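S.K.: my questions are about this predicted structure, shown below with the sequence.
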Amino acid sequence: MKSTSIVVGLLVGCIIAAACGYFDRSGTDVAPVASFLWVHTFPLSLYGPMVLPILAVYIICACEAIGDITATCDVSKLEVDGPIYESRIQGGVLADGMNGLLACLMTMTPMSTFAQNNGVIALTRCANRKAGYACCFFLVVMGIFAKFAAAIVSIPSSVIGGMTTFLFTAVAVSGVAIIARGVVFTRRNRFILTAGLSLGYGATLVPTYFSHIFTYNGDNKSLKGFYDAIVLVMQTGFAVTAAMCMILNLTLPEELEEDITAEEAELEHTATGRETKGTTQDNVVMNQAV
């Protein structure tokens, strides 16, 4: 039951939603029984104004992939630093880029890694690659048999939201754990994390905060695409957090932190006070002698 808790919770939510009449069967009724990966051929072309926004999306997907792979390593009890970890990051980002390239050729938006999988691993404690292969198989089956895929898509958003809320929270907890173990909390690092997370949380809570910065309404579509790319990055929480932390980490100089305890600081303050008092008394004696 522990390994199937997510599936059981999803089934119970679907049963309750069906009993309350929340299911919409219109998509399932019109979906064909079977389909294939390539059903329509669209003419390939290049639309200039969308180059920079799509490039920004790819950068965002790369940042997301790095965070998701790191969280996956953490919940799978694997190392989150060292050459093996870096090779996993390199392979994951490369696979993400290849998936995005194939998606582009199939006239789709870039594919991205799923952060919810980290929550699934943390809850079920199943980090076996064979389970991932089985998931890939079922995804391909759902892509071919459209009725099955339409039935999954018809699950009410309240059920999906109730399940993914806990999974995304587990992802956030994994991120906090990685930061707590891998970051030395010096004054410099605290400032970097504070600046990055403040912008990231702000962009997540108020995603339209940057939409009024660039209000260009001219006929230059290339310039408008450039502005759209900037707005897209600034309104994505983890992207702006990663960018801000990287910039500050490269620009702020390292500083030597003195590891001093409260007792040592008190003794130093006392010794300094005695030296000051002795110097003052010597000056008074010299003035009287004069």
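M.R.: Nice, thanks for sending it over. Bear in mind that the values here come from a model prediction, so they are computed numbers and not experimental data.

S.K.: only C-alpha atoms for contact and neighbour calcs from this point on.
M.R.: Will do.

S.K.: you'd agree Ala242 is up against Cys61?
M.R.: No - counting by C-alpha atoms under 8 Å, Ala242 does not reach Cys61; the two are 11.9 Å apart.

S.K.: what about the two, which has more around it?
M.R.: Neighbour count, other C-alpha atoms under 10 Å: between Ala242 and Cys61, Cys61 has more, with 21 against 18.

S.K.: report the mean confidence score over the strand or helix carrying Cys245.
M.R.: Per DSSP states H and E, Cys245 falls inside helix 237-251. If you average the pLDDT over helix 237-251, you get 85.

S.K.: equivalent analysis for stretch 45-54, please.
M.R.: 75.

S.K.: go on, stretch 62-80?
M.R.: Stretch 62-80 shows a mean pLDDT of 83.

S.K.: hey, C-alpha coordinates of it in PDB?
M.R.: Provided in PDB are the C-alpha atoms of stretch 62-80 (Å, rounded to 0.1, in the frame of the first residue of the first chain):
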ATOM      1  CA  ALA A  62      17.500  23.600 -18.900                       C
ATOM      2  CA  CYS A  63      17.400  25.300 -15.500                       C
ATOM      3  CA  GLU A  64      14.400  23.200 -14.600                       C
ATOM      4  CA  ALA A  65      16.100  20.000 -15.700                       C
ATOM      5  CA  ILE A  66      19.200  20.700 -13.500                       C
ATOM      6  CA  GLY A  67      17.000  21.300 -10.400                       C
ATOM      7  CA  ASP A  68      14.800  18.300 -11.100                       C
ATOM      8  CA  ILE A  69      17.800  15.900 -11.700                       C
ATOM      9  CA  THR A  70      19.500  17.200  -8.500                       C
ATOM     10  CA  ALA A  71      16.300  16.600  -6.500                       C
ATOM     11  CA  THR A  72      15.900  13.100  -8.100                       C
ATOM     12  CA  CYS A  73      19.500  12.200  -7.000                       C
ATOM     13  CA  ASP A  74      18.700  13.500  -3.500                       C
ATOM     14  CA  VAL A  75      15.500  11.500  -3.000                       C
ATOM     15  CA  SER A  76      17.100   8.500  -4.600                       C
ATOM     16  CA  LYS A  77      19.900   8.500  -2.000                       C
ATOM     17  CA  LEU A  78      22.600   9.300  -4.600                       C
ATOM     18  CA  GLU A  79      25.400  11.800  -4.400                       C
ATOM     19  CA  VAL A  80      24.600  15.400  -5.300                       C
END
